[in-house]
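Participant: Structure for the following, please:
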Amino acid sequence: MEIIENALNFLGDHIEMVYILILMIFVGVEVIGNVPAVLHTPLMSGANAIHGVVIVGAIIVMLNSEPDNIPALILGTLAVLLGTLNVVGGFVVTDRMLEMFKKKPKK
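Facilitator: Sure, this is the predicted structure:
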């Protein structure tokens, strides 16, 4: 019960952040929903670059954590692994999208 009380107190103290988060969700859904297929590839490339920065940040945080802080190291390793999978998957999708726009060889 104390956890719920603490969560409600946190939300009450930071209600502006909750409003901003909800607004960001609506704006993100609206922007992504209106992106034409032709612009998907450049947006994926930008997202891949952002995830690359996330991977570097996770590595830096892991390097600066204490060696006996096992939960931080596990979460950092998980962040690097999932970020890497996201970047590789994004590049695979981008490559497949670019293949669609290449001209077919004439027979």
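
Participant: tell me the contacts of the most centrally placed residue in the chain?
Facilitator: Nearest residue to the geometric centre of the chain (C-alpha atoms, centre = their mean): residue 51, 6.1 Å. Applying C-beta atoms under 8 Å, 6 or more residues apart in numbering to residue 51 gives the contacts 83, 86-87, 90. C-beta: built from backbone N, CA, C; applies to glycine.

Participant: Minimum pLDDT in those residues, which residue is that?
Facilitator: Minimum pLDDT across the contacts of residue 51 is recorded for residue 90, with 78.

Participant: What is the burial count for that residue?
Facilitator: By other C-beta atoms under 10 Å, 19 other residues sit near residue 90.

Participant: Please look at it and residue 48 and confirm they touch.
Facilitator: Yes. The pair residue 90 / residue 48 is scored as a contact, 4.3 Å apart, by C-beta atoms under 8 Å.

Participant: What residues sit buried inside whichever strand or helix holds residue 81?
Facilitator: Assessed by DSSP states H and E, residue 81 sits inside helix 70-101. Under the neighbour-count criterion of 16 or more other C-beta atoms under 10 Å, helix 70-101 has 76, 79-80, 83, 86-87, 90, 94, 97 buried.

Participant: remind me which residues of this structure are low pLDDT?
Facilitator: Along the chain, segments meeting pLDDT under 70 span 37-38, 40-41, 44-45.

Participant: Please parse this protein into its domains.
Facilitator: Taking automatic domain parsing as the criterion, the chain consists of the domains 1-34, 37-107.
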